[in-house]
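Peer 1: Kindly generate the corresponding structure for this input.
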Amino acid sequence: MVFLIEEEQRNSVKQNVQIYGEYYNGSGISWLLDVFTSWETLFAIAFLILIRNNLTIYYIKFIFGYIVINLCALTVIPLCLFRPKNPSNFCHIYPYVVSLTKFYGVKWELRGSEILAVDRAAVLMINHQSVADLNVLGSIYPTIKKGVLVIRRLVMFSFPLSLLIYLSSAIFIDRTNGKSANEKLLRSIGFIKKIKAKLIIFPEGKRNLNGDTLLPFKKGGFRLAISGQIPIIPLVISPYYFIDPKKKLFTHGNVIMKVLEPISTEGLTIDDIDELVENTQKLMCAEYKRLKDEVLAKDSI
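Peer 2: Numbers count the residues shown, from 1 in each chain. Predicted structure coming up:
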């Protein structure tokens, strides 16, 4: 009698398992093992583990950003072909940049935009930290409207973004050949003054991964400003404390972009270049430190 009851119970269990679409082979847990060893489940578990890993997040954000920016460039290039070499072409990428910053979890604040909005020729100097500076450019272009970017020649191989930059009148220079780079910049003075554009240059010459202060400035942009007798507009970007290339960290945070008062070059000669470089760097370094303290204090709240 006991045997018959146990047999009926086993049959009942089998039927219940079959109702839920599983099978029973006598072990009692094989159907559960099948669920947790399916490719779909393993992929989902692996994905959940990976997205909680700082290294994975770091590369996902940069790779995804690179893909998105280049795909966006590809979509707006046809529009730019109707007006090639127009400094306003880069403005088309602004809506995509805004969406990308939301994905990054980074809030960007532009201060002093009224200075950038003035329709005049100038040299806009920005401190350089990361490829994420593309978000800075995308944020300020709708304000400056006409911006001519000075960028290293290697970027030409980053297609299709490089084509969009080229169609926006960018100046590609070889940083290993200072003489050639300076000559190329000086030839652009007439064009800059004629259309009242902002020549956008990174005076440090390379990415600053230090974060404590700014790197020594190169003289190319200052030489152009003196030669053209056009003002220098410093634009200081607070440090990207949420990005650490060494530890492979890319979290969320705040960025302040502060436009400083224009520095006149009227009446200056090439003999004044060292003093101009020194004074500009002092101003930007001091503002960089103030912004660093502010964003770190804001993030700690």
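Peer 1: In three-state terms, label the most centrally placed residue in the chain for me.
Peer 2: The centroid of the chain falls nearest to residue 132 when counting by CA atoms, centre = their mean (1.9 Å). Secondary structure, DSSP: H, G, I helix; E, B strand; the rest coil: residue 132 is helix.
Peer 1: repeat for residue 193
Peer 2: Following three-state DSSP, we place residue 193 in the helix state.
Peer 1: Leaving out sequence neighbours, find the closest residue to it.
Peer 2: Excluding the flanking residues, the one nearest residue 193 by CB to CB, 6 or more residues apart in numbering is residue 121, at 4.6 Å. Using the backbone N, CA and C atoms, a C-beta is placed for each residue, glycine as well.
Peer 1: what pLDDT does that neighbour get?
Peer 2: If you check residue 121, the pLDDT there is 90.
Peer 1: can you tell me how far it sits from residue 255?
Peer 2: Separation of residue 121 from residue 255 (CB to CB, to the nearest Å): 27 Å.
Peer 1: and the residue nearest to residue 193, what does it touch?
Peer 2: The contact partners of residue 121, taken as CB atoms under 8 Å, 6 or more residues apart in numbering, are 192, 193, 195, 196, 197, 198, 199, 228, 230.
Peer 1: Let's have those in JSON lines, adding pLDDT.
Peer 2: What follows is the contacts of residue 121, written out as JSON lines (pLDDT from 0 to 100):
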{"residue": "192", "pLDDT": "85"}
{"residue": "193", "pLDDT": "87"}
{"residue": "195", "pLDDT": "86"}
{"residue": "196", "pLDDT": "89"}
{"residue": "197", "pLDDT": "87"}
{"residue": "198", "pLDDT": "90"}
{"residue": "199", "pLDDT": "89"}
{"residue": "228", "pLDDT": "89"}
{"residue": "230", "pLDDT": "92"}
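Peer 1: ok, of those residues, which come out buried?
Peer 2: By neighbour count, with 16 or more other CB atoms under 10 Å, these hold 192, 197, 198, 199, 228, 230 as buried.
Peer 1: quick one: which of the contacts of residue 121 is nearest residue 293?
Peer 2: residue 198 (28.1 Å; CB to CB).
Peer 1: Phi, psi for the closest one please.
Peer 2: Backbone torsions for residue 198, taken as degrees, to the nearest 10, come to phi -100, psi 120.
Peer 1: That one contacts residue 122, correct?
Peer 2: Yes - the pair residue 198 / residue 122 is scored as a contact, 5.3 Å apart, by CB atoms under 8 Å.
Peer 1: Can you show me the helices along the stretch 151-300 of the chain?
Peer 2: 161-167, 178-187, 189-195, 220-228, 273-300 (DSSP state H, counting those that start in this stretch).
Peer 1: Would you single out the least confident of those helices?
Peer 2: Across these, the lowest-scoring stretch is helix 178-187, with a mean of 73.
Peer 1: Show me what it is packed up against.
Peer 2: Contact partners of helix 178-187 among helices and strands, from 3 or more CB pairs under 8 Å, 6 or more residues apart in numbering; DSSP states H and E: strand 171-173, helix 220-228.
Peer 1: any idea which of those is most buried?
Peer 2: By mean neighbour count, with neighbours taken as mean count of other CB atoms under 10 Å, helix 220-228 ranks first of the helices and strands packed on helix 178-187 at a mean of 22.
Peer 1: which residues are in contact with that helix?
Peer 2: Residues from elsewhere that reach helix 220-228 (CB under 8 Å, 6+ apart): 121-123, 125, 150, 178, 181-182, 185-186, 188-189, 192-193, 199, 201, 203, 231-232, 265, 268-270, 272-273, 276-277, 280.
Peer 1: which ones are touching the residue nearest to the centre of the chain?
Peer 2: 65, 104, 240, 243 are the contacts of residue 132 under CB under 8 Å, 6+ apart.
Peer 1: Among those, find me the one that's closest to residue 111.
Peer 2: Looking across those and measuring by CB to CB, the closest to residue 111 is residue 240, at 17.1 Å.
Peer 1: Report the separation between the closest residue to that closest one other than its chain neighbours and residue 260.
Peer 2: The shortest distance from residue 240 to any non-neighbouring residue, by CB to CB, 6+ apart, is to residue 129 (5.3 Å). To residue 260, residue 129 is 17 Å away according to CB to CB.
Peer 1: now residue 269
Peer 2: Taking CB to CB, one finds residue 269 at 23 Å from residue 260.
Peer 1: in terms of contact, does residue 239 touch residue 209 like I think?
Peer 2: No - contact criterion CB under 8 Å: residue 239 and residue 209 do not qualify, at 10.3 Å.
Peer 1: Need the overlap of contacts for those two.
Peer 2: Shared contacts of residue 239 and residue 209, defined by CB under 8 Å, 6+ apart, comprise residue 129.
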